[in-house]
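Peer 1: Here's my sequence, what's the structure:
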Amino acid sequence: MLDGIDFDVAEGSIFSLLGPNGAGKTTTVNVLATLLKADAGTVHVAGHDVATATKQVRAAIGVTGQFAAVDELLSGRENLQMMADLKRVRSGEVVTRLLERFDLVESADKMASTYSGGMRRKLDLAMTLVGNPRIIFLDEPTTGLDPRSRRTMWGIVRELVADGTTIFLTTQYLDEADELADQIAVLSDGKLVAEGSAEELKRLIPGGHVRLRFTDQAAYRSAASALRDVTTDDDTLSVQIPSDGTQRELRSILDWLDSVGIEADELTVHTPDLDDVFLTLTERTSKEAISQ
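Peer 2: Purely as a prediction, here's the structure:
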């Protein structure tokens, strides 16, 4: 169940909705795609009210679900022709163009049941593009794909946006949102708990640090005793210094090491990533829900 979520998606951008299973991602997509009626509030897609202008909304959008919606008893070409017929689009030129765009020409006349998972996903997205929708909803489009197929899909998504298409992406893969999205919203228990660019969201979470590792015991002990508010690890001879990872802070740490004659063998910088953001925000929301 959704609880008063509110967001805007810029035209020609990629908006990603993150959230754990059951958070409400698919429900959100179903409401936006006119497949489910909202109990309250107003929803506009492509400038149209989804409740009163359903036909106009459906004419402007394409939807690709979590599982490829291809007919396995038909060939790739026949699947595209069927979709063109349903949308009353002249199939010849459109089908040929989409087969070429998604590198499916060689397998066009093979049964879809023989396609790999990545090929089915590409065919599914190609079918969604019949009719040139302005907005495409991708509901966990790379679930179950191998790394190479995922990256192929990422490239296709970027091409679509470069052509002016707006992408609404739901995903459980945080690296996917980090890689693709212009704007990200985090959904937890039906509530929108944060929204912003990937970098903006990362800055919400504390925990950045610089880690100095030593091979010399004496250098490690000197650094550990001289620095304040640090975490030390005697097993790995490392010192962890809170930091936002900026160039200024790194230069300050290096200058200090030089000034006291201590040389670290390894310096690494850790800044919060989307995994940290996701876990922190969703765990916080769950704890608040339990305490109420």
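Peer 1: if you average pLDDT over the helix or strand hosting residue 137, what comes out?
Peer 2: Assessed by DSSP states H and E, residue 137 sits inside strand 135-139. Summarised as a single mean, pLDDT over strand 135-139 is 92.
Peer 1: going forward, begin numbering at 42 instead of 1
Peer 2: Shifting the count to begin at 42 puts that one at strand 176-180.
Peer 1: neighbouring contacts of that strand?
Peer 2: The contact list for strand 176-180 (C-beta atoms under 8 Å, 6 or more residues apart in numbering) reads 66-67, 70, 73-74, 86-87, 101-107, 166, 169-170, 198, 201, 206-211. All C-beta atoms are positioned from the backbone trio N, CA, C, and that covers glycine.
Peer 1: What are the buried residues along the strand or helix carrying residue 98?
Peer 2: Secondary structure assignment for residue 98, by DSSP H and E: helix 95-101. Using 16 or more other C-beta atoms under 10 Å as the test for burial, helix 95-101 gives 97, 98, 99, 101.
Peer 1: Number of residues surrounding residue 310?
Peer 2: When counting by other C-beta atoms under 10 Å, one arrives at 15 neighbours for residue 310.
Peer 1: three-state assignment of it?
Peer 2: Assigned with DSSP: H, G, I helix; E, B strand; the rest coil, residue 310 falls in the strand class.
Peer 1: Pretty sure residue 308 sits against residue 255.
Peer 2: No. Counting by C-beta atoms under 8 Å, residue 255 is not a contact partner of residue 308; they are 10.6 Å apart.
Peer 1: How far away from the center of its chain is the following helix or strand past the helix holding residue 98?
Peer 2: Next helix or strand after helix 95-101 toward the C-terminus (DSSP H and E): strand 102-105. With C-alpha atoms, centre = their mean, to the nearest Å as the basis, strand 102-105 stands 17 Å off its chain's centre.
Peer 1: Could I get the average pLDDT for strand 102-105?
Peer 2: 90.
Peer 1: Just the residues contacting that strand, thanks.
Peer 2: Under C-beta under 8 Å, 6+ apart, the answer for strand 102-105 is 70, 73-74, 76, 86-87, 165-166, 169-170, 172, 174-180, 182.
Peer 1: Out of those residues, which end up buried?
Peer 2: For the contacts of strand 102-105, buried by 16+ other C-beta under 10 Å: 70, 73-74, 86-87, 165-166, 169-170, 172, 174-180, 182.
Peer 1: Next, please give the residue ranges for the helices of the stretch 192-333 of the chain.
Peer 2: Taking DSSP state H, counting those that start in this stretch, the helices of the stretch 192-333 of the chain run over residues 215-221, 239-243, 258-267, 288-300, 315-332.
Peer 1: So which of the ones you listed is the most surrounded?
Peer 2: helix 215-221 (a mean of 19; mean count of other C-beta atoms under 10 Å).
Peer 1: Need the residues that contact that helix.
Peer 2: Contacts to helix 215-221, defined as C-beta under 8 Å, 6+ apart, come from residues 55, 57, 59, 183, 191, 195, 198-199, 208, 210, 212, 225, 239, 314-316, 319.
Peer 1: Any quick PyMOL command for the buried ones out of the residues you listed?
Peer 2: Command for PyMOL that selects the buried part of the contacts of helix 215-221, burial taken from 16+ other C-beta under 10 Å:
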select buried, resi 55+57+59+183+191+195+198+208+210+212+225+239+314+315+319
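Peer 1: Can you tell me the centre-most residue of this protein?
Peer 2: By C-alpha atoms, centre = their mean, the chain has its centre lying nearest to residue 218, at 2.1 Å.
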